[in-house]
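# dropping a prediction and its sequence here:
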Amino acid sequence: MPPSVLFPFDTALLPERRTDVLIVGSGIAGLAAALSAPAVVRVILACKARVTDANTYYAQGGVAAAVSRTDSVRQHESDTIRAGAGLCDLKSVRTLTSEGPAAIDWLIKLGVPFDRHGRELAFTREGAHTANRVLHAEGDATGRVIQTHLLEKLAARPNVRILAQQFLVDLLVDRGRVVGALFLSPSGSVSSVRARAVILATGGFARLFRESTNPPVATGDGLAAAYRAGATLSDLEFVQFHPTTLYLAGAPRFLISEAARGEGALLLNAKGERFMRRHHPDAELAPRDVVARAILREMQETKTTSVFLDMRPIKHKMNSRFPTIRGVLHAFGLDPRHQPIPVRPAAHYTMGGIETDLLGRTGLKGLYAAGESAMAGVHGANRLASNSLLEGLVFGRRAIRAALDEPLSRPRRITVRLNVRREGPDLDVEDVRISLRSLLSRHAGLERTAEGLEEARKQIEFWERYTLARQFKSPNAVELQNMLILAELLVRSALWRKESRGAHYRADFPKTDDRKFKRHSRARI
Ligand SMILES: Cc1cc2nc3c(=O)[nH]c(=O)nc-3n(C[C@H](O)[C@H](O)[C@H](O)COP(=O)(O)OP(=O)(O)OC[C@H]3O[C@@H](n4cnc5c(N)ncnc54)[C@H](O)[C@@H]3O)c2cc1C
């Protein structure tokens, strides 16, 4: 069992900041929350690296909402529930989809320049959507455009203070209530922030896998800290693998948006054959997990390490719709207008997270979560493409409204002592991190078996024995400790779920078993 905090502290000896609401995370969920705070409310928004180091910045395809005249909230709701494979919470999905149009309107009023055809908003379609409902900005730069725009707006709010390069380590808990958090700076200095309420908007943990579309910050620190403090984590086994990421030696697993297939790009195997029709009636637009596993099958059958995305059918749209993708491919000497691009699946989005209700409340008083760090019940076992930016928007705004109702309390001294930890030779943090990420990609990826998961569990527990037993004052090492804790919980949840559902596929239990497993997995310290 991991310790309840990663290192001992005494708040009386630490530099301290005070605020009304502490928001951790500068992605869409954190920014939506901060921008929704009334001007009289003091907010500190902290993030562990630069403000733009977040999954949000990299979102390409767009944000889904039933805004178009040919769409309806009901249709968005039923597509979301169908993708979620029996584990969505109807009330949560209804909240997400029905508040979606107003949330988009809020963004537009803040000046976010979504792409338009003339004066009308432009929509694209992505896999498993039955309508064209995905709004985008600057073609495939939706996340960057939204995030930079919201950051600009936030800079003009005198009630909000942004603290970059502040790594959340642990939550401050006083008599069962979360009253702030402990931060570590890159130089190793520790400080605290006291608040009436803390909103974790710290994103997901798909970076735990070697093959991942996520930037390095996506290591699930918020989940690990909430778990140590006593919150419940849920559905950690559900990791969505994006089917099409660039597969080239030396290149990052750069995502090639599903919108490319939505516009007409095709998947070809190593023999140049279009194969998706053999796997699903919706072919290239089948749900993500179906496409990702079909790619895995084709790679196994043709004994190759990738398949190919053929964007030649949409070459006339490359400049207007996919300028970022085209630019990156160009930098690696590839021209998608003339050649199919090597792609393979990579870990992309984590459906599980800190369990919350519709207001972002966790099981701990004073602690809220929103966005990818939360499990609010909207994605079930599989997220519908482009629903996550929307989730951050809708639930980030809800969380701050609820957080403002938290009572004021006078900060009291909090002292946490831990037993002296075993000293030892230096630990090569990077080495453990690389090994862990490879292990998870190998045994807890697209296809899982009891044998592989057991092997992973034993190995992770072994690493934990000497890594969690130490105290580090460096964000890098603390991050590794968080990754180990989450990896173990993920593997345990995947072992428990002896069925296949949504993004979780057990080769040894290929069928869905509603009788035993139509319920959420839960982890609590
Ligand atoms: C390549 C890519 C493409 C995507 N495309 C789409 C798309 O088209 N549509 C869509 O809906 N979704 C898309 N997604 C998913 C979507 O981007 C994310 O789910 C969403 O942006 C998450 O927002 P968030 O605010 O919850 O977290 P993030 O945007 O990930 O922000 C997390 C924040 O938490 C901070 N943080 C983390 N740990 C700590 C710590 N220890 N201390 C302090 N701060 C911390 C980080 O610094 C960061 O500021 C994509 C994701 C990727 C990676």
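Cool, the structure landed.
# going forward, measure contacts and count neighbours with C-alpha atoms only.
Fine.
# longest helix in this protein, please.
Counting residues, the longest helix found in the chain (DSSP state H) is helix 475-496.
# give me the contact list for that one.
2, 6, 167, 169, 184-186, 188, 208, 219-221, 223-225, 235-237, 429, 432-433, 436, 440, 444, 450, 453-454, 456-457, 460-461, 463-464, 467-468, 472, 504, 521-523 (Cα atoms under 8 Å, 6 or more residues apart in numbering).
# around the ligand, pick out the residues from the stretch 351-500 of the chain.
When proximity is defined by Cα under 6 Å from any ligand atom, the stretch 351-500 of the chain lies next to the ligand at 371-373, 386-389, 392.
# what about those residues, which are in helices?
Using DSSP H, 387-389, 392 are the members of those that sit in helices.
# where do the domain boundaries of this structure fall?
Domains of the chain are assigned by automatic domain parsing as 9-238+351-403, 245-346, 425-523.
# between the ones you listed, which gets the lowest average pLDDT?
Taking each of the domains of the chain in turn, the one with the lowest mean pLDDT is domain 245-346, at a mean of 93.
# report the secondary structure element holding R17.
Under DSSP states H and E, the secondary-structure element containing R17 is strand 16-18.
# sorry, wrong one. I was asking about T97.
When secondary structure is defined by DSSP H and E, T97 falls within helix 90-109.
# buried sites along that helix?
Within helix 90-109, the residues that qualify as buried are 90, 92-101, 103-104, 107, counting by 16 or more other Cα atoms under 10 Å.
# from the middle of its chain, how far away would it be?
Distance of helix 90-109 from the chain centroid (Cα atoms, centre = their mean, to the nearest Å) equals 19 Å.
# export that helix as PDB, just CAs?
Backbone C-alpha positions of helix 90-109 (Å, rounded to 0.1, in the frame of the first residue of the first chain) are rendered in PDB as follows:
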ATOM      1  CA  LEU A  90     -27.300   8.600 -18.100                       C
ATOM      2  CA  LYS A  91     -27.700  11.700 -15.900                       C
ATOM      3  CA  SER A  92     -24.000  12.700 -16.500                       C
ATOM      4  CA  VAL A  93     -24.300  12.200 -20.200                       C
ATOM      5  CA  ARG A  94     -27.500  14.200 -20.300                       C
ATOM      6  CA  THR A  95     -25.800  17.000 -18.400                       C
ATOM      7  CA  LEU A  96     -22.800  16.900 -20.800                       C
ATOM      8  CA  THR A  97     -24.800  16.900 -24.000                       C
ATOM      9  CA  SER A  98     -27.600  19.200 -22.900                       C
ATOM     10  CA  GLU A  99     -25.200  21.800 -21.500                       C
ATOM     11  CA  GLY A 100     -22.900  21.400 -24.500                       C
ATOM     12  CA  PRO A 101     -24.500  24.000 -26.800                       C
ATOM     13  CA  ALA A 102     -24.500  26.700 -24.000                       C
ATOM     14  CA  ALA A 103     -20.800  25.900 -23.200                       C
ATOM     15  CA  ILE A 104     -19.900  26.400 -26.900                       C
ATOM     16  CA  ASP A 105     -21.800  29.600 -26.900                       C
ATOM     17  CA  TRP A 106     -19.800  30.800 -23.900                       C
ATOM     18  CA  LEU A 107     -16.600  30.000 -25.800                       C
ATOM     19  CA  ILE A 108     -17.800  31.900 -28.800                       C
ATOM     20  CA  LYS A 109     -18.800  34.900 -26.600                       C
END
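# partner strands of the following helix or strand past that helix and their direction?
Tracing the chain past helix 90-109, the next element assigned as helix or strand by DSSP H and E is strand 116-117. With DSSP bridges as the criterion, the sheet partners recorded for strand 116-117 are strand 120-121 (antiparallel).
# which residues does the strand it pairs with contact?
Strand 120-121 is contacted by residues 114-115, 135 when judged by Cα under 8 Å, 6+ apart.
# cool, stretch 88-99 as well?
Judged by Cα under 8 Å, 6+ apart, the contacts made with stretch 88-99 from elsewhere in the structure are 65-66, 73-74, 76-77, 80-81, 358, 376-381, 390-391, 394-395.
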